[in-house]
Every structure is written in structure tokens, then in C-alpha cells.
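A.B. asks: quick one, fold the following:
(2 chains)
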Amino acid sequence: MGRTRWRHDVQAAPGNLEERLRYVGYPDEMIERMKTMWSKEQLPLIGDNGFMISAASAFPNLSFVHNWPKVEDSEDVIPFISIRQWQAISEDETEVLSWFAVDKEAPEEFKALSYKAYLMCFGSSGMFEQDDVENWVSLTTTAAGSMARRLLLNNRMGLLSDNRPVVPALTDNEFSGPGVARIGYGEYNQRFLLADWADHLERPAATQPPVEVGTPDSPRGATTGEDDELAEASR
Amino acid sequence: MNANHIRVDSRKSPLGAHASTTSRVGASLAFDDTWHLTAHKWLVDEAYLLDAQDYTSWLKVLTEDIHYFMPVKVTTALGSGYDTAPGMAHFDENMYSLRQRVARFATEHAWTEDPPSRLRHFVTNVRTFTTDRDDELIVESAVLLFRSRGDVAESALVSAGREDLLRQCDGEWKLARRLIDADESVIRMQNLAIFL
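C.D. replies: Modelled structure (predicted):
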């Protein structure tokens, strides 16, 4: 299974947990549910550390968007979640599978408005998506150009010339989430992602043990020996 | 008539509650009927606005309670009873969201249409129906949009059927509801930074 690399773009907001969630448009009944469902690490990320997840990616090709636009002539904002998969088709073609996700228990009016917010921003007609895709297409063309062939990519944002990071990583008190986090502009995540990808390309492909489904040896269903070890470790 | 054809319906959208529910009455009107000629002319005039991307003028020919709905088409088995994705659409617009889209096109940062696409809406197969309201007509049409941009990228076509509700407002016909039945499940265009 290996490691999963996350990329976060997080934005701070003023107030406590409830105020920060209200600020991005969650109604109180959903906030109360979040307080009972989220883990003791997840709650302080918003409540104490003051971050609100806005964009994230999981290696290799899964991304998440969480924005909160206006959807009517009022000052209210409504948050939406989009999950997207970037599926490579060829060396210069990618198919994007984009989902809108909303809490099944959310009020029906919230679901409709959150869906509206998603449609305005992302998807085939989405206002942000249109310009984002324009960028990806342009980047691809530029990457094949003569300047790109002559120069190395400068991917050093956040590094000093002696390779020390410009800012230190946040402490456990400042960031309750897993892994390494920093505030400010930087290409830390990009470097991790590209390094992970290079490692996968350079390592020989792992042999996958056969999967057993519903056998006397594996009555719970599809497992491999590895999954059982991971399940044990995380308990 | 294809008994399997399922009409696009505002009521299937979570955002369609505000939409007019007027439906057609009877058979399509003769091609020399005054109402048909009026409706057809309206569609042709509108096509010129959309080709020119004159969206400010286009907004003015929509009613305030407009529902502009293009659900995602899905491939299903014959007889399954549905061919659009429940709860996902390419467009599911009211006046507010259409105004926002038009306002964005008018800014200096809508890069996806700068340089602009070259557009031509081919509107055909027009059929007009009366309704149970004196001030409303239903008109069906087929639209084929040709779109090209720049000099190198392949041009693209999108084909769809449209069912429109036209309403008389102060002596002028306006679009109160457009239900778009796309002819592809996966739209072969980079985006829908246009209107059908």
C-alpha cells in the first residue's frame, strides 16, 4: 500500500470551531454533527489551529476542492466539496472525472445550494474549472517548447540557496494534523509529490500477492496479507 | 414516435422548483402559423446573439424566473426509464447564476474565451406548440454548435435538442425555461464556456 502524500492549501479564519465553520456557510445542525463525528485530531485543526481545508491532493491522481461562494443575491456563502480524479489517457491527454459530494444527512436546502455552488465553480461549465483547464492545456503546450527543453524547472519556492526551508515546519501545537505543515507560499508539496513519483518509477514494481475473496482463510472478504498487517497496526 | 424518448424535466433537478411547469397542448403548429413563425424568428435572432457572445443582450431576453437546464446524459439499458444523471447537470441555472457567468465573461480575466471562440449555432427542426396559457408557447429545436479557437486546436461540435418555453412580457417574447437534451454523454469539448 505504501505512503500517501497529501497536499493541503489551507486558509485561516477568525473565531472558534463553530464560528469558523459558520463563516464558510455550514448550518448549526451540520456543525453539531461534525463535532460528534470528527476525530480528536480533526477538530482542533479548525477549532484551535485555525485552518480550513480548501484544496488537497492524494498521490497519485486524486484531488479535493472545498470552496464557499455566494449562490444568490445575498451575503451568504455556501460550501461545496468536489472530488476529482485526473486520469491520464495519453502523454498529453487527461480525462477529468469530477464529483460533487455532500453530507447525506445535510438539510435538503443545503444540498441543493451546495450543488449549485459546485456547478457555478467546477465541472464542464464551472467558472473556475474553465480557466484552470485553460492553464493545464497551456502548460502542456509550453512544456514541449524550446525554452522548456533548454532549461531546468525551478521548483525551489520555499528553499533558501543552501536548501534550508525558508520557514520552519509547524509544531504539534500549531498543527494537529499528521505529517509536515508550513504556512506561506512554497513548493514543498510539489517536491514531495515529484520525489514520490520518481521513486515509484525507479523502484521495481512490487509484486502483488493474490487476493482471496470469501475463502475459509479469508472469510472477511478481499484481503491480502499486507492489508491485515496495516489493519492491525492502525488499531 | 420513439416510446423510449424521455423528456428533460425541470422537476428532476434539485434546483428546478422555481421553474414554470407549463406544458404543450396538442400537435405542433403548421409552419405558416403566425405563432410558429414568431417562435422560429425568435430562435434565429437569439442564435445571432449567442454566436456574437452578446450575453448582455441575451440576458435581456430571459425572464426573471428562467430555468436553464442541461442534465448530464448517461447510457442506460433500454426500458430503464431514465437517461440523465440524477442530480448532476452541465447547466442548472437561474437568473442569478446566469448573470454571474455573463459578468465573469465581461471581466478582463476570463482567459478561456480570450481569444474568443468562433461560434455558430445552427438551429433547425423547429416545432411550435400552444399551451394552456395565452401568453406562453413551447418551441422545440435542434441545435448544432460549431466552435473553434485559435489556429491549431481541433474544432468541436456539440449537438442537442432544446425545448423552450417562450412567454410574452410587455409585448416582447422572452425565454422562461430551456431544457437541453445533449446528444453526447461525454461532451467532446474542453469546456462549456458557451451557451446552447
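A.B. asks: pull the longest helix from chain B.
C.D. replies: helix B:34-51 (DSSP state H).
A.B. asks: show me where chain A has its strands.
C.D. replies: A:6-12, A:51-58, A:62-67, A:80-90, A:93-101 (DSSP state E).
A.B. asks: before we move on, the earlier item: which helices and strands sit right next to the longest helix of chain B?
C.D. replies: Applying 3 or more CB pairs under 8 Å, 6 or more residues apart in numbering or on different chains; DSSP states H and E, we find helix B:34-51 packed against helix B:55-60, strand B:118-131, strand B:136-148, strand B:156-169, strand B:172-182. Quick note: C-beta positions are derived from backbone N, CA and C, even for glycine.
A.B. asks: roughly how far apart are residue A:49 and residue A:43?
C.D. replies: Remark: distance between residue A:49 and residue A:43 (CB to CB, to the nearest Å) = 10 Å.
A.B. asks: before we move on, back to that, need the strands of chain A in a markdown table with mean pLDDT, can you?
C.D. replies: As requested, the strands of chain A are exported to a markdown table (pLDDT from 0 to 100):
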| stretch | mean pLDDT |
| --- | --- |
| strand A:6-12 | 55 |
| strand A:51-58 | 91 |
| strand A:62-67 | 95 |
| strand A:80-90 | 94 |
| strand A:93-101 | 91 |
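A.B. asks: nearest to residue A:20, out of these?
C.D. replies: The closest of the strands of chain A to residue A:20 is strand A:51-58. By CB to CB, the value is 6.3 Å.
A.B. asks: just checking, what packs against that closest one?
C.D. replies: strand A:6-12, helix A:42-47, strand A:62-67.
A.B. asks: same thing but 6 Å
C.D. replies: strand A:6-12, strand A:62-67 (3 or more CB pairs under 6 Å, 6 or more residues apart in numbering or on different chains; DSSP states H and E).
A.B. asks: tell me the strands beside the last one, with direction?
C.D. replies: In other words, strand A:62-67. For strand A:62-67, the paired strands and their directions (DSSP bridges) are strand A:51-58 (antiparallel), strand A:80-90 (antiparallel).
A.B. asks: got those as CSV, with mean neighbour count columns?
C.D. replies: Putting the strands paired with strand A:62-67 into CSV (neighbours: other CB atoms under 10 Å in any protein chain shown) gives the following:
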stretch, mean neighbour count
strand A:51-58, 17
strand A:80-90, 14
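A.B. asks: got those as TSV, with distance to residue A:167 columns?
C.D. replies: As requested, the strands paired with strand A:62-67 are exported to TSV (distance: least, CB to CB, whole Å):
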stretch	distance to residue A:167
strand A:51-58	15
strand A:80-90	29
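A.B. asks: select, out of these, the one closest to residue A:136.
C.D. replies: Here strand A:80-90 is closest among the strands paired with strand A:62-67 (CB to CB), at 9.1 Å.
A.B. asks: could I get the helices and strands packed on helix B:34-51 in TSV, plus columns for mean neighbour count and mean pLDDT?
C.D. replies: Formatted as TSV, these follow (neighbours: other CB atoms under 10 Å in any protein chain shown; pLDDT from 0 to 100):
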stretch	mean neighbour count	mean pLDDT
helix B:55-60	15	98
strand B:118-131	17	98
strand B:136-148	19	98
strand B:156-169	19	98
strand B:172-182	20	98
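A.B. asks: mind putting those into CSV with distance to residue A:124?
C.D. replies: Output for those, formatted as CSV (distance: least, CB to CB, whole Å):
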stretch, distance to residue A:124
helix B:55-60, 18
strand B:118-131, 17
strand B:136-148, 13
strand B:156-169, 10
strand B:172-182, 10
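A.B. asks: any chance of those in JSON lines, plus distance to chain A?
C.D. replies: Putting the helices and strands packed on helix B:34-51 into JSON lines (distance: least, CB to the nearest CB, whole Å) gives the following:
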{"stretch": "helix B:55-60", "distance to chain A": "13"}
{"stretch": "strand B:118-131", "distance to chain A": "15"}
{"stretch": "strand B:136-148", "distance to chain A": "13"}
{"stretch": "strand B:156-169", "distance to chain A": "10"}
{"stretch": "strand B:172-182", "distance to chain A": "10"}
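A.B. asks: which one of the ones you listed lies closest to residue B:97?
C.D. replies: Per CB to CB, nearest to residue B:97 of the helices and strands packed on helix B:34-51: helix B:55-60, 11.6 Å.
A.B. asks: so what touches that closest one?
C.D. replies: B:49, B:102, B:105 (CB atoms under 6 Å, 6 or more residues apart in numbering or on different chains).
A.B. asks: let's see 10 Å
C.D. replies: Applying CB atoms under 10 Å, 6 or more residues apart in numbering or on different chains, the external contacts of helix B:55-60 come out as B:45-46, B:48-50, B:52, B:54, B:66, B:95, B:98-99, B:101-103, B:105-106, B:172, B:174-175, B:194-195.
A.B. asks: stretch B:95-106 now?
C.D. replies: Under CB under 10 Å, 6+ apart, the answer for stretch B:95-106 is A:69-74, A:116-117, A:119-120, A:125-128, A:130-131, B:15, B:18, B:53, B:55-56, B:58-59, B:62-68, B:91, B:93, B:110, B:112-114, B:116, B:193-195.
A.B. asks: just those: which are in helices?
C.D. replies: Counting by DSSP H, the part of these found in helices is A:116, A:117, A:119, A:120, A:127, A:128, A:130, A:131, B:55, B:56, B:58, B:59.
A.B. asks: using a markdown table, please lay out those residues together with distance to residue B:130.
C.D. replies: What follows is the ones in helices among the contacts of stretch B:95-106, written out as a markdown table (distance: CB to CB, whole Å):
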| residue | distance to residue B:130 |
| --- | --- |
| A:116 | 33 |
| A:117 | 38 |
| A:119 | 33 |
| A:120 | 35 |
| A:127 | 38 |
| A:128 | 42 |
| A:130 | 39 |
| A:131 | 43 |
| B:55 | 30 |
| B:56 | 31 |
| B:58 | 25 |
| B:59 | 27 |
